[in-house]
Structure formats: structure tokens, C-alpha cells
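Engineer: model this:
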Amino acid sequence: MNSLIRPLQKRAFSSSVPASHQFLVLIRDFKDSEALNRRLLVRDLHLKEANKVVESGELLCGGAVLDSHKDGNMIGSCMIWEADSEEEVRQKLQKDPYVEGKVWEDWDILPFKIAVGKLAKN
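Structural biologist: Below you'll find the model as predicted:
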């Protein structure tokens, strides 16, 4: 996978302590003629699993990237994660049904900090 992964950082705290970093994940789908069909086949399972991660507090938000608002074809995904390291985010992404279902081709994981809005920390 093409990503901006930095070396694994050792966890200094147990998993019950809130993570100290946010990450923006930009994901591109495969571009072949069956990519959208594969996405739709595993979408319900993907959303079910994503909602579990949202409930845990690790995934702050996510959604589909569209080719345009007019056509609305899903061509990728975007998420904001809270985790101790980029490696932790990568490992979680690897387990997503969209990876196993050959929907997501590659991604970039970028250090991020929400500054304004409902998800911003004071």
C-alpha cells in the first residue's frame, strides 16, 4: 500500500487511555470496471464494522469520496482517526471489509489536528 507510514511508535499507555494523535486518511478505490460493484457488495458489512469503531472512539468520522456531486459515484473514502500511531491506523485499515473485498487500492495517512467544529477538542 502506498502510504505515509512512519515507524511504529511504542504505546506508552494502555488502550483505555484516550489516544493522543489524530490522523486524516485519504483512500482511493480500485479503478477497474467492477470496483463499484465490489464496494456495494461489502458496503453493509463495512458500515457495520465502521460503526463499531466509531463507538469505541477511535474513528471520529468517515465517508465516501465522490467523483462529483452531480453523479455521486463513490471513488474512495476519507476518515479521521484518533490513535497512538500511524501504524495503528494502518493495521485497523488492513482489517476493513473494503480491503478484503478489493475495494480500497491504496491510501495516505496524514498527521492531522481538528481545529474547529463539533469534533474539535478545546
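Engineer: Which element, helix or strand, includes the residue positioned nearest the centre of the chain?
Structural biologist: For the chain, the residue sitting closest to the mean C-alpha position, by C-alpha atoms, centre = their mean, is residue 79 at 4.3 Å. Using DSSP states H and E, residue 79 sits in strand 74-83.
Engineer: what about the helices in this structure?
Structural biologist: Assigned by DSSP state H, the helices in the chain fall at 35-56, 86-94, 97-100.
Engineer: Mean confidence (pLDDT) on stretch 76-93, please.
Structural biologist: Averaging pLDDT along stretch 76-93 yields 97.
Engineer: Give me the buried positions along it.
Structural biologist: Residues of stretch 76-93 classed as buried: 76-77, 79-90, 92-93 (neighbour count, 16 or more other C-beta atoms under 10 Å). C-beta coordinates here come from the backbone N, C-alpha and C atoms, glycine included.
Engineer: Over to stretch 107-122?
Structural biologist: For stretch 107-122, by 16+ other C-beta under 10 Å, it's 107, 109.
Engineer: for it, what is the average pLDDT?
Structural biologist: pLDDT averaged over stretch 107-122 gives 90.
Engineer: Need the CA coordinates for that stretch. PDB is fine.
Structural biologist: Backbone C-alpha positions of stretch 107-122 (Å, rounded to 0.1, in the frame of the first residue of the first chain) are rendered in PDB as follows:
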ATOM      1  CA  TRP A 107      -4.300   5.300   1.000                       C
ATOM      2  CA  ASP A 108      -2.400   8.100   2.600                       C
ATOM      3  CA  ILE A 109      -2.300   8.500   6.400                       C
ATOM      4  CA  LEU A 110      -1.500  12.100   7.400                       C
ATOM      5  CA  PRO A 111      -1.000  13.600  10.800                       C
ATOM      6  CA  PHE A 112      -4.000  15.800  11.500                       C
ATOM      7  CA  LYS A 113      -5.500  18.000  14.200                       C
ATOM      8  CA  ILE A 114      -9.100  19.100  14.200                       C
ATOM      9  CA  ALA A 115      -9.100  22.900  14.900                       C
ATOM     10  CA  VAL A 116     -12.700  23.900  14.600                       C
ATOM     11  CA  GLY A 117     -16.100  22.200  14.500                       C
ATOM     12  CA  LYS A 118     -18.000  19.700  16.600                       C
ATOM     13  CA  LEU A 119     -15.100  17.300  16.800                       C
ATOM     14  CA  ALA A 120     -12.500  19.900  17.900                       C
ATOM     15  CA  LYS A 121     -11.100  19.500  21.400                       C
ATOM     16  CA  ASN A 122     -10.800  22.600  23.500                       C
END
